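J.: Show me the folded form of this:
(one chain, ligands or ions: 1)
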Amino acid sequence: MKKAQDEIREVLKLEGKEIVDETNLHDLKYLKQSLGNQWSDVKFRVMKYHLKLEFLSTHGQLEETPKYWTELESFYPERFENSIVDYRGNHFELIPFGAGRRMCPGLGQGLINVELSLATLHYHFDWKLPREVRSKDLNMYESIGTTARRKHDLLMIPSIHPCSPLKRM
Ligand code: HEM
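T.: Next up is the predicted model:
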């Protein structure tokens with residue numbers, strides 16, 4: 001998370017901006033790499049807003065293809081760093097949008113939604129687990145379904161980062 005936040009905050013600082021928009025997304029390389037490892041359904045409350053984000057996972061696919069990927073049980077976005085494999089249906093090792101004639105026509109829109117939301121949340125807030133929860137004790141089971149969701153909600157506590165204009169509100 002820290003690595004993704006540093007990347008976003010650096011990109012916006014260079015541009016003299018305080019809000020992430022679509023033009024920044026192509027510079028967020030680490031964030032994009034980490035999406036391949038994301039799963040879940042995140043609900044949270046920031047000030048008076050109740051928000052819900054859903055992430056789709058490639059975890060199941062990674063698990064099924066141990067000969068193509070290493071460290072399958074780890075959150076390891078760097079695995080995509082020098083990889084020619086993309087998610088656009090050209091490489092069957094990673095097909096979060098499917099492949100072929102029936103692949104997802106909403107790929108572009110879907111990605112922008114996920115990247116923009118995630119980049120915004122990373123830019124404006126630091127996220128911590130509640131004090132009594134240790135990351136190694138988190139239950140990472142997924143529920144069964146078309147998409148891979150967390151079986152148990154993940155509760156995180158946001159605090160506004162000094163670079164965010166929300167700090168001045
Ligand atoms: C991150 C977001 C998304 C992911 C991961 C995703 C993933 C997928 C997958 C895996 C399929 C099945 C492809 C296959 O059968 O080979 C699919 C199909 C489809 N998706 Fe998405 N999708 C996303 C967002 C969207 C959005 C935003 C839209 C519409 C605006 C959309 C519309 C569709 C439609 C209409 C199909 C059926 C295509 C067909 O059967 O010909 N998807 N999607």
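J.: The ligand contacts on this structure?
T.: 56, 96-99, 102-106, 109-111, 114 (CB under 6 Å from any ligand atom). (Glycine included, C-beta is placed from N, CA and C.)
J.: Excluding chain neighbours, give the residue nearest to residue 89 in space.
T.: residue 99 (3.6 Å; CB to CB, 6 or more residues apart in numbering).
J.: how about the one you found, what does it touch?
T.: 89, 90, 92 (CB atoms under 8 Å, 6 or more residues apart in numbering).
J.: so how far is residue 157 from the first one?
T.: Spelled out, that is residue 89. 38 Å (CB to CB, to the nearest Å).
J.: These two: which is more packed in?
T.: Using other CB atoms under 10 Å, the more surrounded residue of residue 89 and residue 157 is residue 89, with 17 against 13.
J.: part of a strand, is the more buried one?
T.: No. Secondary structure of residue 89 (DSSP: H, G, I helix; E, B strand; the rest coil): coil, not part of a strand.
J.: So in this protein, which helix runs the longest?
T.: In the chain, with assignment by DSSP state H, the single longest helix is helix 107-124.
J.: contact partners of it?
T.: 1, 4-5, 8-9, 12, 19-22, 24-25, 28, 31-32, 35, 38, 53, 55-56, 88, 97, 104, 127, 158, 160-161, 163-164, 166.
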